[in-house]
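Trainee: fold the following, please.
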Amino acid sequence: MDILHPTAPALPRHEVSHGQAAIDDAEKTLHDFKKVFKEVEEEATNVYKAARDMLKEALDFCREGHMKHESESLRKAKQLNLAIEHSDKWDDLEALAETVKAKIEGPYKLVMASKENIIRAGTKESVFGSRSPDQKLAHKVYEYKLKLNFENAARDYHKICSYPDGLCAQVHLLKSKAMHQLNPNIDE
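Mentor: Numbering: from 1, shown residues only. You can find the predicted model right below:
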């Protein structure tokens, strides 16, 4: 399908120009990434919320221990027991976060490859120094239609995977904070 002429009949695959093929690939890749992101975003949010709840539980436990006027050794023993109890849960949450991150990394790499492909299709200079109509089309579609979509895909990817603000990265940081709150002597 030609983007500038959507009602024109479709060309057979072997007659599609390099620029049009790059445009078609970019649109398909971005569409597929958007579908994957919607699924992954919900999973990542759920894992993050579970980690946040476990941190809250640890902080509340420590706060209550200080308010009960228990002996220092009894309070530390209770905190250590909770840290041991939470350890397996934290490991499960971190494994889930890594699984979620892996689900989105593959489609994002395809998006980046598609972006490079369409940029190359629109910027390659010919022998005489001017662009062909196919290259002009690829450049125009990238600049005025797809560039923002690629930026949105990057923003979505970083929402899940970036450090330290991504939802998956936050799980490890929340675990570290909770474990240090329960047992300040551990090194993670």
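Trainee: and Tyr163, what helix or strand is that in?
Mentor: Tyr163 belongs to no helix or strand when assigned by DSSP states H and E.
Trainee: ok, Lys177 to Leu59 distance?
Mentor: 9 Å (Cβ to Cβ, to the nearest Å). No exception for glycine: its C-beta is placed from N, CA and C like everyone else's.
Trainee: kindly report the same for Leu96.
Mentor: Leu96 sits 22 Å away from Leu59, taking Cβ to Cβ as the criterion.
Trainee: these two: which is more packed in?
Mentor: Counting neighbours by other Cβ atoms under 10 Å for Leu96 and for Leu59 shows that Leu96 has the greater number, 18 against 14.
Trainee: all helices of this structure, in order?
Mentor: 18-67, 72-123, 133-141, 147-161, 167-182 (DSSP state H).
Trainee: include mean pLDDT when you put the ones you listed into CSV, please.
Mentor: Supplementary listing: those in CSV, determined by pLDDT from 0 to 100:
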stretch, mean pLDDT
helix 18-67, 89
helix 72-123, 87
helix 133-141, 88
helix 147-161, 95
helix 167-182, 88
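Trainee: quick one: contacts for Pro164?
Mentor: Contact analysis of Pro164 by Cβ atoms under 8 Å, 6 or more residues apart in numbering lists Gln170, Leu173.
Trainee: let me know the pLDDT of it.
Mentor: Confidence at Pro164, expressed as pLDDT, is 88.
Trainee: separation between it and His158?
Mentor: 11 Å.
Trainee: distance of the residue nearest to Leu96 when sequence neighbours are not counted from Ile104?
Mentor: Nearest non-adjacent residue to Leu96, counting by Cβ to Cβ, 6 or more residues apart in numbering: Val47, 4.9 Å away. Counting by Cβ to Cβ, the separation of Val47 from Ile104 is 13 Å.
Trainee: do the same with Lys115
Mentor: 16 Å.
Trainee: for Tyr142, same thing?
Mentor: 23 Å.
Trainee: now swap in Phe33 and tell me
Mentor: Applying Cβ to Cβ, the value for Phe33 to Ile104 is 8 Å.
Trainee: likewise for Glu27?
Mentor: 19 Å.
Trainee: those two: who's more crowded?
Mentor: Per other Cβ under 10 Å, whichever of Glu27 and Ile104 has more neighbours is Ile104, with 23 against 18.
Trainee: which ones are touching the residue nearest to the more buried one when sequence neighbours are not counted?
Mentor: By the measure of Cβ to Cβ, 6+ apart, the closest residue to Ile104 outside its immediate chain neighbours is Val40, 4.7 Å from it. Going by Cβ under 8 Å, 6+ apart, Val40 touches Val100, Lys103, Ile104, Ile160.
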